[in-house]
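Student: can you look at this prediction? I've put the sequence above it.
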Amino acid sequence: EAQVTQNPRYLITVTGKKLTVTCSQNMNHEYMSWYRQDPGLGLRQIYYSMNVEVTDKGDVPEGYKVSRKEKRNFPLILESPSPNQTSLYFCASRDRNTEAFFGQGTRLTVV
Amino acid sequence: SQQGEEDPQALSIQEGENATMNCSYKTSINNLQWYRQNSGRGLVHLILIRSNEREKHSGRLRVTLDTSKKSSSLLITASRAADTASYFCATDGGGAQKLVFGQGTRLTINP
């Protein structure tokens, strides 16, 4: 089954404790993205990747890192999480000029 | 930066009625896509319309695109309670392969 898998689904952490949210896709898509969703702000892109070892900043990259060492994986790293990074995060993958497939989301709370 | 802007922000109708949501955008696009999101879940792709297309149908969904006005509309006919969700448009500029989402329309179908 074609899917994008994110883990964990829920995470509560403390300020400053490094964390990684994993994302994996099984469709051999070239393009992968991370979004955050906040009430009233819609989906905002954090980072995206057009291929292995090719990443670029989206609209809200501050406080986040990503890597694309393999085509299927695109982890999101928060080196020092802060409360303003409390949000619902989505990973998505797609091919050029096609629709995106989204993961089920990771609800992150930073206290 | 937000590209797509949906209108209205919220819409409440009776089951069986038609629902129309609009999306406006600012720059040229390669295609425009519509997604549905059930509360807190991942986004699901509904329909993609390319810049050289004017109208597209999928089941009870009808999407139009007017590139001269930089706008699109999503029509859901004969609405059902299960259509209750948030609906997002997303523009694909075709260059950096970024999908840019609007803030969404919250649709409620009353039984």
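Tutor: Cool, the structure landed. Computed from a prediction, not measured in an experiment: that's the story for all the values here. Residues are numbered from 1 along each chain as shown, chains lettered A, B, ... in the order given.
Student: now the strands for the chain?
Tutor: The chain I'm using is chain A. Secondary structure of chain A (DSSP state E): strands at A:4-7, A:10-13, A:19-25, A:31-38, A:42-51, A:54-57, A:65-66, A:76-78, A:87-94, A:101-102, A:106-110.
Student: that's the wrong chain, I meant chain B
Tutor: Using DSSP E, strands in chain B cover B:5-7, B:10-14, B:19-24, B:31-37, B:43-50, B:55-58, B:61-66, B:71-76, B:85-92, B:99-101, B:105-110.
Student: list the helices and strands the last one packs on?
Tutor: Contact analysis of strand B:105-110 by 3 or more Cβ pairs under 8 Å, 6 or more residues apart in numbering or on different chains; DSSP states H and E lists strand B:10-14, strand B:19-24, strand B:85-92 as its packing neighbours. C-beta coordinates here come from the backbone N, C-alpha and C atoms, glycine included.
Student: the same query, at a cut-off of 6 Å, please.
Tutor: strand B:10-14, strand B:85-92 (3 or more Cβ pairs under 6 Å, 6 or more residues apart in numbering or on different chains; DSSP states H and E).
Student: out of those, which one sits most buried?
Tutor: strand B:85-92 (a mean of 24; mean count of other Cβ atoms under 10 Å in any protein chain shown).
Student: now find how far off-centre it is within its chain.
Tutor: Taking Cα atoms, centre = their mean, to the nearest Å, the mean C-alpha location of strand B:85-92 is offset from the chain mean by 5 Å.
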